[in-house]
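**Q** Build me a model from this:
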Amino acid sequence: MTISLRRRALAACTASVLSLGLGACAINVGGQGDSSAGSTDQATEAAQAAEASQTDEAEASPEDQASAEPAEQTPSAKASTDQEGRERASAEATSSSGGKGPKPAADRPGASATITDDDWLSVLDGVDRTVRANSAMTMSKDYDYVRIEGDVQTLTISGTSARVVVDYVDTLVIEGDYAEVYVYDVKRVVMRGTSAEVVWAGETPTVEDFGDYNETRLQGTED
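**A** This is a model prediction of the structure:
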């Protein structure tokens with residue numbers, strides 16, 4: 001009887017121990033399962049983040065390429081470039097005419113001539129003022145040293161001892177005495193004064209001399 005009770009008590013105790021052991025095992029397995037699931041979720045999130053990063057880089061790539069391309073010139077930069085081109089062309093034209101004188105033209109050979117006449121160069125370097133040409137101009141001031149830039153249809157010089165350098169004159173009229181006129185190209189010269197001189201660089205013009213002791217010649221051909 002006593003032995004039977006002891007056996008029953010031992011069996012109950014063993015069953016209890018086994019139950020506790022199984023319970024502990026179940027807890028451990030559940031913990032491992034949760035940890036594995038957590039690790040899986042973290043890996044999934046990392047993969048999704050890497051994919052999103054690659055997508056962002058692919059979308060940003062065209063913008064980076066566009067920023068690497070040279071920027072289009074602004075209107076002010078284009079205007080500056082055009083202005084530099086015009087200045088270079090003007091400088092080349094001046095150089096081709098010996099550094100002095102108007103821009104060459106096909107019908108004005110004097111414009112491209114190199115001025116070597118000493119009197120011409122002396123007057124050109126000593127002018128008091130430079131003016132723009134008008135279609136009709138009259139110079140009545142005595143001892144007036146003037147450089148006229150441009151085309152004049154009719155230029156009349158009535159002052160005494162005037163010194164003039166001019167680009168182009170269609171008709172030059174000299175009424176004053178001791179005038180000196182240096183013209184790159186002129187078509188017609190009318191002289192009514194005394195001791196005047198007209199020098200040209202282009203073709204020989206039509207000369208009408210009604211005065212005394214006047215002189216006309218091509219530049220560089222003085223005696």
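**Q** For residue 182, identify the helix or strand it belongs to.
**A** strand 180-191 (DSSP states H and E).
**Q** Pull out the buried positions in whatever helix or strand comes next after that strand.
**A** Once the chain leaves strand 180-191, the next helix or strand it forms, by DSSP H and E, is strand 197-200. The neighbour-count check on strand 197-200 (16 or more other Cβ atoms under 10 Å) flags 197, 198, 199, 200 as buried. Every C-beta, even on glycine, is put in place using the N, C-alpha and C of the backbone.
**Q** Need the mean per-residue confidence for stretch 198-217.
**A** In this model, stretch 198-217 has an average pLDDT of 97.
**Q** which of the residues in that stretch are buried?
**A** Using 16+ other Cβ under 10 Å as the burial criterion, the residues of stretch 198-217 that qualify are 198, 199, 200, 201, 202, 205, 209, 214, 216.
**Q** wait, the fifth one sits on residue 187?
**A** No: in this structure, residue 202 is not within contact of residue 187 by Cβ atoms under 8 Å, at 9.6 Å.
**Q** how about the helices in the chain?
**A** Ranges of helices within the chain are 2-68, 75-96, 118-125, based on DSSP state H.
**Q** what's the average pLDDT for the shortest one?
**A** Put plainly, it is helix 118-125. pLDDT averaged over helix 118-125 gives 94.
**Q** And it, what does it pack against?
**A** Helix 118-125 sits against strand 163-174, strand 180-191, with contacts defined as 3 or more Cβ pairs under 8 Å, 6 or more residues apart in numbering; DSSP states H and E.
**Q** May I see the buried residues of that helix?
**A** Quick answer for helix 118-125 (16+ other Cβ under 10 Å): 120, 121, 123, 124.
**Q** residues near the residue nearest to residue 124 when sequence neighbours are not counted, how many?
**A** Nearest residue to residue 124, sequence neighbours excluded (Cβ to Cβ, 6 or more residues apart in numbering): residue 165, at 5.2 Å. Residue 165 has 26 neighbours, counted by other Cβ atoms under 10 Å.
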